[in-house]
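A.B. asks: Fold the following, please.
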Amino acid sequence: MRFPYLPLPTRGPVASLGGAQIRYRPIVAVRLFGPQGSRLFDGCLDCASDDTIFPRFLARSLGIDLTGAVPGEARPVSGVVIPYLLTPVTLRVTDGLEQCDWQPIIGFADLPLRWALLGNAGFLDFFDSELLGAKREAVLNPNARFPGQHVILRPAPP
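C.D. replies: Got it, this is the predicted structure:
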């Protein structure tokens, strides 16, 4: 599956980008399923995240019960501990040509996340991934650890 990077305008020229005013991020739309429906939410491919984390409001809006969820915590670069609750859910990613559905254990944090963090456990462990900087494209291929269903929806164009 191939996903173009998301272009994000900056407030001004960025020196580390040679003065460019756009940053590009590997953002992938993920469908999260719960007892009360599903919701498409953008996630950032993040190999530095140990777990896959979504904002807690999604669990509430989809009827995902966190009562018996297992506590987890992250310690980002800032050193501030971020608690979250881990529970199994169903996720789906598709690029329109392929689709993957699986049931990982992911975390829900009480944070105003712009994007979900698509980390190692629950997401990246199940895909061989490439970040193609020059093409500004992320490539995800389900690997031998992928526990779900991978479907070819239509053949890739030549």
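
A.B. asks: Tell me which strands the lowest-mean-pLDDT helix or strand in the chain pairs with, and in which orientation.
C.D. replies: Within the chain, no helix or strand scores below strand 70-74, which has a mean of 94 by mean pLDDT, DSSP states H and E. According to DSSP bridges, strand 70-74 forms sheet pairs with strand 82-88 (antiparallel).

A.B. asks: what sits up against the partner strand?
C.D. replies: Strand 82-88 has contacts (C-beta atoms under 8 Å, 6 or more residues apart in numbering) with 51, 53, 56, 59, 64-66, 68-76, 103-111. Placement of C-beta: from N, CA and C, glycine included.

A.B. asks: now do stretch 113-121
C.D. replies: Against stretch 113-121 from outside (C-beta under 8 Å, 6+ apart): 25, 27-28, 30, 41-55, 104-105, 124.

A.B. asks: In PyMOL, select just the buried ones from the residues you listed.
C.D. replies: Per 16 or more other C-beta atoms under 10 Å, the buried members of the contacts of stretch 113-121 correspond to this PyMOL selection:
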select buried, resi 27+28+30+41+43+44+45+46+49+50+51+52+53+54+55+104+124
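
A.B. asks: So which of the contacts of stretch 113-121 are in helices?
C.D. replies: Secondary structure assignment (DSSP state H) places none of the contacts of stretch 113-121 within helices.

A.B. asks: Looking at the contacts of stretch 113-121, which are in strands?
C.D. replies: Using DSSP state E, the members of the contacts of stretch 113-121 that fall in strands are 25, 27-28, 30, 41-45, 53-55, 105.

A.B. asks: Just put those in TSV and tack on pLDDT and distance to D128.
C.D. replies: Converted to TSV, those look like this (pLDDT from 0 to 100; distance: C-beta to C-beta, whole Å):
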residue	pLDDT	distance to D128
R25	97	20
I27	98	19
V28	98	14
V30	98	18
F41	98	23
D42	98	21
G43	98	17
C44	97	18
L45	97	12
I53	97	22
F54	98	23
P55	97	27
I105	98	21
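
A.B. asks: Nearest to L97, out of these: which one, please.
C.D. replies: V28 (14.1 Å; C-beta to C-beta).

A.B. asks: In contact with that closest one: list those residues for me.
C.D. replies: So V28 contacts F3, D42, G43, C44, L45, V93, L118, A138, L140 (C-beta under 8 Å, 6+ apart).
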